[in-house]
Structures are given as structure tokens and as C-alpha cells.
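Chemist: Quick check, what structure comes out for this input:
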Amino acid sequence: MGWGDRPVWVRCVAAAYVIGFLEGTGWHAYSLAAGGLHAYSYAPLLIQLLFHALLLLDPLVALSIVRARPGGPLLAAPVMLADLVGNWDTEWRAVLAHPAAYLRPVGLLPITLFGIFVLLTAFPLRRALTSGGDAARGPWRRRPTVEGRQGQDLSL
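Modeler: Below is the predicted model of the structure:
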């Protein structure tokens with residue numbers, strides 16, 4: 001099933017995943033180019049390793065979504081959750097000291113909003129990528145009939 005055959009909501013959610021994870025890839029590549037292996041020296045060692053690993057994991061998630069792999073959203077959710085935990089762990093004290101400073105359109109706020117979006121949409125997107133045709137449109141679109149015939153299309 002091609003992307004053009006998928007419902008609009010599936011294409012929009014998938015596009016948001018690809019854009020978000022490729023933006024993350026770009027940021028981690030920039031950080032590595034600007035700061036080298038010590039780009040994340042402000043963070044504990046495990047979080048530094050995570051942030052470096054995201055340079056590989058983020059494009060892997062984007063590629064799996066572009067290829068419409070059902071495992072893509074299942075990979076996206078833990079990758080994004082780990083990214084959120086790492087960012088919040090390193091920024092928590094600063095957020096407590098100056099909370100209004102983090103209400104800007106770069107940094108922790110967009111990462112958090114994107115992370116919540118990914119976590120809320122991962123399972124519905126996976127179901128839509130797993131099933132094809134009418135099943136991807138949702139269970140409310142088709143009504144089963146008694147004799148096994150195709151039900152009436154209840155699309156709006």
C-alpha cells in the first residue's frame with residue numbers, strides 16, 4: 001500500500017515524525033560537529049552516550065516511517081522517551097530556577113511537545129501501518145453485515 005492510499009491523518013502524523021526526527025538528527029550532528037565528543041559534557045555519562053546514539057537512532061526512526069514499517073512507531077516511542085528523560089534530567093534544576101525561560105519555541109518546550117505527540121500517536125500509527133485498506137481508516141468507517149458482505153461505507 002502506497003502513502004497516497006493511506007488516510008490523511010496517517011500521512012500527517014508520519015510526516016510530523018519524519019520532520020521531527022530529522023530535525024533531531026540535524027541538531028545532534030551540529031552538536032557533534034561543533035563540540036566533538038565532548039559536546040554534551042554538561043550531562044552525566046549515560047546521557048552523553050544517549051545523545052550521541054541519537055545521531056544514529058533518529059534517522060533510523062525517520063527511515064522506518066518513510067518506508068511505512070509498522071515497527072517504526074514502536075521504535076520512535078522509546079527513542080523519544082529516552083530523549084525526553086535525558087533532556088529533562090539535564091535541564092531540571094535550570095527549569096526550577098527560571099521556569100519562564102523555558103517557554104520559548106526552541107529547546108526543551110518543543111522537544112517535550114513533540115515527545116508527547118509521539119508517545120500519544122505511536123500505537124495508532126502502528127495499527128494504521130500494519131493494517132491496509134479500509135482497516136487503516138478506523139473501525140467506525142465500515143459496518144459488518146450478517147452474511148459476510150461488505151458493510152455500508154460510513155465515511156463522512
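Chemist: Give me the contacts around the helix or strand harbouring V61.
Modeler: According to DSSP states H and E, V61 maps onto helix 45-66. Outside helix 45-66, the residues that touch it by CB atoms under 8 Å, 6 or more residues apart in numbering are 14, 17-18, 21-22, 24-25, 28-29, 31-32, 37, 39-41, 43, 71-73, 75-76, 79, 82-83, 86, 89-90. For glycine as for every other residue, the C-beta is placed from the backbone atoms N, C-alpha and C.
Chemist: ok, now with 6 Å
Modeler: 14, 17-18, 21-22, 24-25, 28, 40, 72, 75-76, 79, 82, 86 (CB atoms under 6 Å, 6 or more residues apart in numbering).
Chemist: For P110, the count of nearby residues, please.
Modeler: Residues lying near P110 (other CB atoms under 10 Å) number 13.
Chemist: Ok, W88 next?
Modeler: By the measure other CB under 10 Å, the count of residues near W88 is 14.
Chemist: picking that back up, tell me the one of the contacts of helix 45-66 nearest P105?
Modeler: Set against P105, the nearest of the contacts of helix 45-66 by CB to CB is G24 (15.7 Å).
Chemist: Just name whatever secondary elements the strand or helix carrying that closest one is in contact with.
Modeler: According to DSSP H and E, G24 maps onto helix 8-35. Secondary structure elements in contact with helix 8-35, counted by 3 or more CB pairs under 6 Å, 6 or more residues apart in numbering; DSSP states H and E, are helix 45-66, helix 108-130.
Chemist: cutoff 10 Å now
Modeler: Packing partners of helix 8-35 (3 or more CB pairs under 10 Å, 6 or more residues apart in numbering; DSSP states H and E): helix 45-66, helix 71-97, helix 108-130.
Chemist: List the residues that contact F114.
Modeler: Counting by CB atoms under 10 Å, 6 or more residues apart in numbering, F114 touches A16, Y17, I19, G20, F21, E23, G24, M80, D83, L84.
Chemist: Can you say which of the residues you listed are buried?
Modeler: A16, Y17, G20, F21, G24, M80, D83, L84 (16 or more other CB atoms under 10 Å).
Chemist: My guess is the second one contacts L74. True?
Modeler: This means Y17. No - at 12.0 Å, Y17 does not count as touching L74 under the criterion of CB atoms under 10 Å.
Chemist: The residue nearest the centre of the chain and A76, how far apart?
Modeler: In the chain, the centroid-proximal residue (CA atoms, centre = their mean) is V118; its distance is 4.0 Å. Distance of V118 to A76, computed by CB to CB, to the nearest Å: 5 Å.
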